[in-house]
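1. Below are the sequence and a predicted model; questions follow.
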Amino acid sequence: MFKVIQRYVGPASLSLLTFKVYASSKKDSPHKDTVKVNELSLYSVPEHQSKYVEEPRTQLEESISHLRHYCEPYTSWCQEKYSQNKPKIQSLVQWGLDSYEYLQNAPPGFFPRLGVIGFAGVVGLVLARGSKIKKLVYPPGFMGFAASLYYPQQAIVFVQVSGEKLYDWGLRGYIVVEDLWKENFQKSGNVKNSPGNK
């Protein structure tokens, strides 16, 4: 009926294993007892329905979940602030890299000029002893004067732009003071002189 043939199959790691292969002769095999593929037990579908059951959480998982829910508003706030400040930080880093590259390839005479401008700021700080207003005005003023000696074109442009901005700020301040004056002092004058109070 069936013949048993022993074969050694596989790579070197499986060469020690023996496999039995069953083969039948053609004249002994009846053709009427053939089995279809879907009738094999390998392809049969189990009859019972599977159901997902969630495992209960452990104490560690519960505490981690509670901690994550507690920290969620803070992490979202940090992510929002990071996304808002990221372009500013990138521009600051780029400015620093550009300044470093400029200082590496500085034009001749740049560092002595920078030393003179810095020394003028120190002199302004020494001369401003005793007054906080002088400490705010003298060092930048002395440094600006020294810088204008070395860079007159840039100083003229800076003065023009600063003058326009100062004029604009002064005009805005004047308008605000005028509106406050009209609201507070003219209303009280109108109340005293109104015909109902005579």
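-> Looks like it came in fine. Residues are numbered from 1 along each chain as shown.
2. Would you mind identifying the next helix or strand past the lengthiest helix in the chain?
-> As assigned by DSSP state H, the longest helix anywhere in the chain is helix 59-104. Using DSSP states H and E, the helix or strand that follows helix 59-104 towards the C-terminus is helix 110-127.
3. in the protein, which helix or strand is least confident?
-> strand 2-7 (a mean of 48; mean pLDDT, DSSP states H and E).
4. Low-confidence stretches in this protein?
-> Along the chain, segments meeting pLDDT under 70 span 1-33, 35, 37-48, 187-198.
5. Give me the contacts around stretch 50-62.
-> residue 65 (C-beta atoms under 8 Å, 6 or more residues apart in numbering). (Each C-beta comes from the backbone N, C-alpha and C, glycine too.)
6. Same check on stretch 69-78?
-> Residues contacting stretch 69-78 (C-beta under 8 Å, 6+ apart): none.
7. Check the offset of it from the chain's centre.
-> What separates the centre of stretch 69-78 from the centre of its chain is 15 Å, taken as C-alpha atoms, centre = their mean, to the nearest Å.
8. cool, stretch 64-83 as well?
-> Counting by C-alpha atoms, centre = their mean, stretch 64-83 is centred 14 Å from the centre of its parent chain.
9. Then stretch 101-109?
-> 32 Å.
10. End to end on it, go ahead and measure it.
-> This stretch, stretch 101-109, spans 16 Å end to end (C-alpha to C-alpha, to the nearest Å).
11. Tell me which residues of it come out buried.
-> For stretch 101-109, burial by neighbour count (16 or more other C-beta atoms under 10 Å) applies to no residue.
12. what comes into contact with that stretch?
-> Taking C-beta under 8 Å, 6+ apart as the criterion, no residue outside stretch 101-109 touches it.
13. and if you look at stretch 152-171?
-> 144, 147-148.
14. now with 10 Å?
-> Under the contact criterion C-beta atoms under 10 Å, 6 or more residues apart in numbering, stretch 152-171 has outside partners 144-145, 147-149, 151.
15. For those, give me JSON lines that also has secondary structure.
-> What follows is the contacts of stretch 152-171, written out as JSON lines (DSSP: H, G, I helix; E, B strand; the rest coil):
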{"residue": "144", "secondary structure": "helix"}
{"residue": "145", "secondary structure": "helix"}
{"residue": "147", "secondary structure": "helix"}
{"residue": "148", "secondary structure": "helix"}
{"residue": "149", "secondary structure": "helix"}
{"residue": "151", "secondary structure": "coil"}
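16. out of those, who has the most neighbours?
-> residue 147 (19 neighbours; other C-beta atoms under 10 Å).
17. list the contacts for the closest residue to that one other than its chain neighbours?
-> With C-beta to C-beta, 6 or more residues apart in numbering as the measure, residue 117 is the residue that lies nearest to residue 147, at 5.2 Å, once sequence neighbours are left out. Residue 117 makes contact with 142-151, according to C-beta under 10 Å, 6+ apart.
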